[in-house]
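Undergrad: For reference, the sequence and a predicted model appear below.
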Amino acid sequence: ENGYDLWLRYKPSGNQTYRQHITAVLTTGSSPTMKAVRDELTRGLSGLLQTAITHSTAVNRDGIVIAGTPHSSPLIHNAGIAPLLQQAGEEGFIIVTKKIGDKKCILISGNSDVGVLYGAFHFLRLLQTEQPVEQLHIVSTPRIKLRMLNHWDNLDRTVERGYAGFSIWNWHTLPGYIDQRYIDYARANASIGINGTVLTNVNANATILTKPYLEKVKALADVFRPYGIKVYLTARFSAPVETGGLKTADPLNEEVRQWWTKKVKEIYTYIPDFGGFLVKANSEGQPGPQDYQRTHADGANMLADALAPFSGIVIWRAFVYSNENPADRHKQAYDDFVPLDGRFRPNVMVQVKNGAIDFMPREPFHPLFGAMPKTPLMMEFQVTQEYLGQGTHLVFLAPLFAETLQSDSYQKGPGSTVAKVIDGSMDGHPLTGIAGVANIGSDINWCGHPFAQANWYALGRLAWDHTLSSKQIAEEWLRMSYSNDERFIGTASKLMLESRDIMVQYANPIGLHHIMGTSHHYGPAPWVNDLNRPEWNPVYYHRADSTGIGFNRTATGSNALAQYHPEARARWENMLTCDEKNLLWFHHVPWDFRMKSGRSLWDELCYQYYTGAERAGKMRDTWQTLQPYVDRQRFEQVSMLLQIQHEEAIWWRNACLLYFQTFSKRLIPAEYEKPSKTLEYYKSLQFPFAPGI
Ligand code: BDP
């Protein structure tokens, strides 16, 4: 198997009872979405049940799967399910077993066609994961309104931080040529409830807003529409200058405002349900309103005004930092955005990365969550593993996503979780969203590493329902992507669930962060100290010296901790009681500091690095025991990648410990095998050199 089918493989089910319970399909309605429902049920059921699926027009036997809305189907309208449908809301679905006349049927319904589509995919998921279907009573409704992917795809088809080939958008052959991939992409997204996609990189190119490209974008939007997916674009703030011939992009300038108004109108002539713009402004060299002494709110509101007549929205990113804030990059987004709370138009969302630095393997939640009650904040996770082993390491991200979502901001008392900020329940926002920076590319298996598909899957499932456990998500994905064999599931899900912790241990233990290689961000380079801006250098973040290591973000240091609610920061502010997972994130800690384990900080650092690397080796060994359950191609791919991961875990361990040892002046405890190479050797490695052990 090459992985192209993702989690929609529809292999023959081991459950023999399904054929009794499912005898035919009856769909109503003729919209393109209902056609997609019919096609997917036919495809899924014929694969799973290994039988030709009968399409029925009347309820003339038991076991008919009836799919439709009460508007298109009198059968459903009269089935007595109105109260359930009310609970399902606009995009939700119900799946219930019901007698229609004297026939026992399975009803898949929703208030909209796309709700039915989500229901159909969920029903197929039940079968794919071998759940009982005799007596179904499911009502499901998304907790988050905008469930999005952000592609960082450039128009030349390179992908910023993409590790799975080139962009799947073939701008050259669009709009005339519709690649089957676009349709399968839409199916995969709809199967996990994703309903929005930003096609282009946040480091934006204004060309996407020109006519020839809008025609191409329209072609994609037309493919995605039946699957409930809206298209969004990144807007380069200086587009009026670059493609409009204006002298300025000042958001308060009348000509500029008119340019955007006209541009937005034009976009909607091509794409009547266009979602809106995602904007990175005044960040890492991108143009923005501050170039004209205007605020982020001025910039966002100008675009929001242009989009409002069409119900479009602006998603304005809070990922900002600049040289002018040398004390601590951690603080800038909060400092810039909190004063603007209440000053954004209702159709603006502010998109905040999960942590204040940058998609690190482990970050405390971003202090903006809960601190801007008047503004709907959208979560930005990174599905592509820029800082988590990129295309070669198996790291299942659901635990990372869940850790952030379950963090307590305390902003409205205990239980004010980040999830409640994001799902709008804390401050009563109707507009809510979760975005994931996509890991999708032109590789035959979409995501590069066979297990990276699980992170795309997890993003969608958590955006639909952030209360799902990482275990459930891992197991669903494994069952659908590999096997329902319990022996496989038990071992493989454990491997997935531990993988992120293991990665943190061998790369960024005890709260270390941003110590990776320059620009490519692959592998360790904690020694780098010569980059132009202080906050680009790893040494800025770990601050190792003869006395200790870590970034003092307490009141005696940068005081970034003050940006958290007092009860939230209580977990971290005292070095003696600080949650050790984040200790060096918040404190500069003496080398001989006594850790909870009884070890000194230096010994603990060694322990973590050695244990992490050893556990990475165990992941590889565990995978070998799963050979009987996995097809040859994917088994071999994962085997090779886990071998690389183990070698690179040792690379991380040795490079970091040898370097930090130059400050600690302490020995690596005798029980550990000594690094076989010198620090100079590790410093000399050039990407993409992957060292042997
Ligand atoms: C950083 C990436 C960079 C992105 C930036 C962003 O290295 O490529 O452009 O985030 O999110 O982590 O804008």
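TA: Perfect, thanks for sending it. Numbers count the residues shown, from 1 in each chain.

Undergrad: give me the low-pLDDT residue ranges for the stretch 301-450 of the chain?
TA: Residues of the stretch 301-450 of the chain meeting the criterion pLDDT under 70: 323-326.

Undergrad: just the stretch 1-150 of the chain next, same as before
TA: Judged by pLDDT under 70, no stretch of the stretch 1-150 of the chain qualifies at all.

Undergrad: List phi and psi for the closest residue to the ligand within it.
TA: Nearest to the ligand in the stretch 1-150 of the chain, going by C-beta to the nearest ligand atom, is Asn150, at a distance of 9.0 Å. Any C-beta I mention is one placed from the backbone N, CA and C, and that applies to glycine too. The phi/psi pair for Asn150 (degrees, to the nearest 10) reads phi -110, psi 110.

Undergrad: Could you report the separation of it from Val202?
TA: Distance check for Asn150 against Val202: by C-beta to C-beta, to the nearest Å, it reads 7 Å.

Undergrad: Pull up the overlap in contacts between the two.
TA: Common contact partners of Asn150 and Val202 (C-beta atoms under 8 Å, 6 or more residues apart in numbering): Leu278.

Undergrad: between those two, which one's more packed in?
TA: Neighbour totals were compared for Asn150 and Val202, and Asn150 leads with 27 against 24 (other C-beta atoms under 10 Å).

Undergrad: Report the contact partners of that one.
TA: If you count contacts by C-beta under 8 Å, 6+ apart, Asn150 has them with 198, 202, 278, 380, 435-438.

Undergrad: Could you dump those into a markdown table and include secondary structure and distance to the ligand?
TA: Formatted as a markdown table, these follow (DSSP: H, G, I helix; E, B strand; the rest coil; distance: C-beta to the nearest ligand atom, whole Å):
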| residue | secondary structure | distance to the ligand |
| --- | --- | --- |
| Val198 | strand | 12 |
| Val202 | coil | 5 |
| Leu278 | strand | 11 |
| Glu380 | strand | 8 |
| Ala435 | strand | 11 |
| Gly436 | strand | 12 |
| Val437 | strand | 7 |
| Ala438 | coil | 13 |
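
Undergrad: between those residues, which has the most around it?
TA: Within the contacts of Asn150, neighbour counts (other C-beta under 10 Å) peak at Ala438, which reaches 32 neighbours.

Undergrad: pretty sure that one is in contact with Val383, am I right?
TA: Yes. Contact criterion C-beta atoms under 8 Å: Ala438 and Val383 qualify, at 5.9 Å.

Undergrad: Now list whatever residues contact both of the two.
TA: Counting by C-beta under 8 Å, 6+ apart, the residues touching both Ala438 and Val383 are 149, 456.

Undergrad: Check which helices and strands the biggest helix by length in the chain is in contact with.
TA: Longest helix in the chain, counting residues (DSSP state H): helix 632-664. Other helices and strands packing on helix 632-664, by 3 or more C-beta pairs under 8 Å, 6 or more residues apart in numbering; DSSP states H and E, are helix 486-507, strand 548-549, helix 601-625, helix 679-684.

Undergrad: And the strands in the stretch 51-200 of the chain, which stretches?
TA: Per DSSP state E, counting those that start in this stretch, the stretch 51-200 of the chain carries strands over the ranges 54-55, 64-68, 93-100, 103-109, 137-140, 146-150, 196-198.

Undergrad: Check which helices and strands the third one is in contact with.
TA: Counting contacts by 3+ C-beta pairs under 8 Å, 6+ apart, strand 93-100 is packed against helix 82-88, strand 103-109, helix 113-128, strand 137-140.

Undergrad: do you know which of these lies nearest Ile183?
TA: Nearest of the helices and strands packed on strand 93-100 to Ile183, taken as C-beta to C-beta: helix 113-128 at 13.5 Å.

Undergrad: Could you figure out how far the closest one is turned away from strand 103-109?
TA: Compare the direction of helix 113-128 with that of strand 103-109 by axes from the mean of the first three to the mean of the last three C-alpha atoms, to 10 degrees and you get 120 degrees.

Undergrad: can you pull the buried residues of helix 113-128?
TA: Neighbour counts over helix 113-128 (16 or more other C-beta atoms under 10 Å) mark 113-128 as buried.

Undergrad: now do stretch 537-552
TA: Neighbour counts over stretch 537-552 (16+ other C-beta under 10 Å) mark 537-544, 548-552 as buried.

Undergrad: Go through those and flag which are in strands.
TA: Here DSSP state E is the test, and these give 548-549 as lying in strands.

Undergrad: Farthest pair within the buried residues of stretch 537-552?
TA: Of all pairs drawn from the buried residues of stretch 537-552, the widest gap by C-beta to C-beta lies between Asn537 and Gly548 and measures 18.5 Å.

Undergrad: What lies in contact with whichever strand or helix holds Ile434?
TA: Ile434 is located in strand 433-437, with elements delineated by DSSP states H and E. By C-beta under 8 Å, 6+ apart, the list of residues contacting strand 433-437 from outside reads 144-150, 152, 161, 196, 198, 315, 349, 351, 359, 376, 378-384, 422, 455-456, 459, 462-463, 466.

Undergrad: Give me the buried entries from those.
TA: With burial judged by 16+ other C-beta under 10 Å, the buried subset of the contacts of strand 433-437 is 144-150, 152, 161, 196, 198, 315, 349, 351, 359, 376, 378-384, 422, 455-456, 459, 462-463, 466.

Undergrad: SS state for the nearest residue to Ile515 once chain neighbours are set aside?
TA: Leaving aside its sequence neighbours, Ile515 sits nearest to Pro526 (C-beta to C-beta, 6 or more residues apart in numbering; 3.9 Å). Classification of Pro526 by DSSP: H, G, I helix; E, B strand; the rest coil places it in coil.

Undergrad: now what about stretch 158-166, what contacts it?
TA: Stretch 158-166 has contacts (C-beta under 8 Å, 6+ apart) with 151-154, 157, 167, 201, 203, 382, 384-386, 390-391, 437, 439-443, 445-449, 452, 521.

Undergrad: nope, stretch 407-414 is what I meant
TA: 364-365, 369-371, 373, 415-418, 421, 426, 564-568.

Undergrad: And for stretch 236-253?
TA: The contact list for stretch 236-253, computed with C-beta under 8 Å, 6+ apart, reads 204-207, 209-210, 255-257, 259-260, 263, 279, 281, 286-289, 291-292, 294, 298-299, 301-302.

Undergrad: chain center to it, what's the gap?
TA: Remark: stretch 236-253 is offset 32 Å from the chain centroid, using C-alpha atoms, centre = their mean, to the nearest Å.

Undergrad: Could you do stretch 304-322 as well?
TA: 20 Å.

Undergrad: for it, which positions count as buried?
TA: Counting neighbours by 16+ other C-beta under 10 Å, one finds that the buried residues in stretch 304-322 are 304-308, 310, 312-322.

Undergrad: Quick check, pLDDT for Lys262.
TA: For Lys262, the model assigns a pLDDT of 98.
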